[in-house]
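In: How does the following fold in three dimensions:
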Amino acid sequence: MDPKATRDRYLFEYYLNGVHLVAKDWCIDDNRVVNTTDKISKKEGLKLFNVTINPSANQYLNFRVSEVDKPTYDYFNMYEKIMRGLIGPGSVTPYNPKSNFSGERTVGNFRAVSFSATPGMAPPTPCATSKAGTVTLQFEASPVAPDGKTAYFKKYHLYWSAKADVDHKSTKVADIQPTSKGGKVLIHTIKSPVKGTGYYRLQVEDKDGYVSPLSPVATGYTTKDQDDCGGGSSATTPCGDLKAKCDPKTAKACVGKDKKTYTCSSKGAWAEQTASGSMVCGGITKKCVTQKSGWCQGEDKQWYQCKSGKWEKYTGGGK
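Out: Numbers count the residues shown, from 1 in each chain. As a prediction, this is how the structure comes out:
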């Protein structure tokens, strides 16, 4: 919420797996942003989009915001421009961030503020190995806090369907209790609930009950044995034309000229098996859950957000 009758300034901070990403700190002056009214809560506030972080799979982000005074805003406003390369020694009017410290060659900002925070979680990207009617999902274990011990993800939920467009309305198996496969890899084996081809997505939950968007889809089979995790002979066959269409029901994993493993996606296109970049949208033509779905990146590399139950492409705005 942001009262439009007053001029306020806010500081945003990002933490990735418990580490403060200092270079990503940024400030806004709400006098430069138009207030909007949320369609669901009916509350007035700021709606911002600032792509300073492109989250990868299996990461725990923490976003913090605090209202700050003008000297703090002035400091971070210039600090951000310097960090992003918008201002440098070659600029027409280069200068250091305005500091509230005194002393020669001293630059810094002292403040005593209270932050509110919300987590942002990216689940791991699963792969599947199918054999004798069972499907074994394999994925990275939870990232841990700087203490090296505390795992951020406390629960793993599994969604599955006989259709490729697995979403929050699909069958859910809560808290699946995966087992460790040595070090940083977890596995979960199930008797396939789908005859033929089944599609699976993961969701993670933290200690406070916050949940993530769904992961990219892993595909399992009962009609054939196939290892899509790169651990079997199915990933030794050289790939043909990776631009050609493929049949996800019959195509086997193959190795491209770049030595990477490729599998046939549910859309009939070859895709790198181990890709784990930004959160991938799982069907932007489908309905979404506004309070849970968050942001995702489509195959067109554009960002989408769930608004009023529908995915909408980000078209600009923010700072």
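In: Show me what residue 238 is bridged to.
Out: residue 255 (DSSP bridges).
In: And for it, the neighbour number?
Out: Burial of residue 238 is recorded as 8 neighbouring residues (other CB atoms under 10 Å). All C-beta spots, glycine's among them, are computed from the backbone N, C-alpha and C.
In: Per-residue confidence, it, what does it come out as?
Out: pLDDT recorded at residue 238 is 79.
In: Might you report the residue contacts of it?
Out: Shown in contact with residue 238 (CB atoms under 8 Å, 6 or more residues apart in numbering): 254, 255, 256.
In: and if you look at residue 178?
Out: Contacts for residue 178 were tallied using CB under 8 Å, 6+ apart; they are 137, 139, 156, 186, 187, 188.
In: among those residues, who's most crowded?
Out: For the contacts of residue 178, neighbours tallied by other CB under 10 Å; top is residue 139, 27 neighbours.
In: Can you find the helix or strand of the chain with the lowest average pLDDT?
Out: Ranked by mean pLDDT, DSSP states H and E, the helix or strand of the chain with the weakest confidence is helix 290-293, at a mean of 44.
In: Just the buried ones from the contacts of residue 238?
Out: Those of the contacts of residue 238 that meet the buried threshold are 254, 255, by 16 or more other CB atoms under 10 Å.
In: three-state assignment of residue 72?
Out: helix (DSSP: H, G, I helix; E, B strand; the rest coil).
In: Tell me the spacing between it and residue 59.
Out: Here the distance between residue 72 and residue 59 works out to 28 Å (CB to CB, to the nearest Å).
In: domains of the protein?
Out: The chain breaks down by automatic domain parsing into domains covering 9-119, 122-276.
In: weakest of those domains by average pLDDT?
Out: domain 9-119 (a mean of 73).
In: before we move on, the earlier item: out of the contacts of residue 178, list just those in strands.
Out: 137, 139, 156, 186, 187, 188 (DSSP state E).
In: Let's have those residues in TSV, adding distance to residue 18.
Out: Formatted as TSV, the ones in strands among the contacts of residue 178 follow (distance: CB to CB, whole Å):
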residue	distance to residue 18
137	26
139	21
156	20
186	20
187	26
188	26
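In: so which pair among those residues is furthest apart in space?
Out: Greatest spatial distance among the ones in strands among the contacts of residue 178 (CB to CB): 156 and 187, at 11.2 Å.
In: between the contacts of residue 238, which is closest to residue 242?
Out: residue 256 (6.2 Å).
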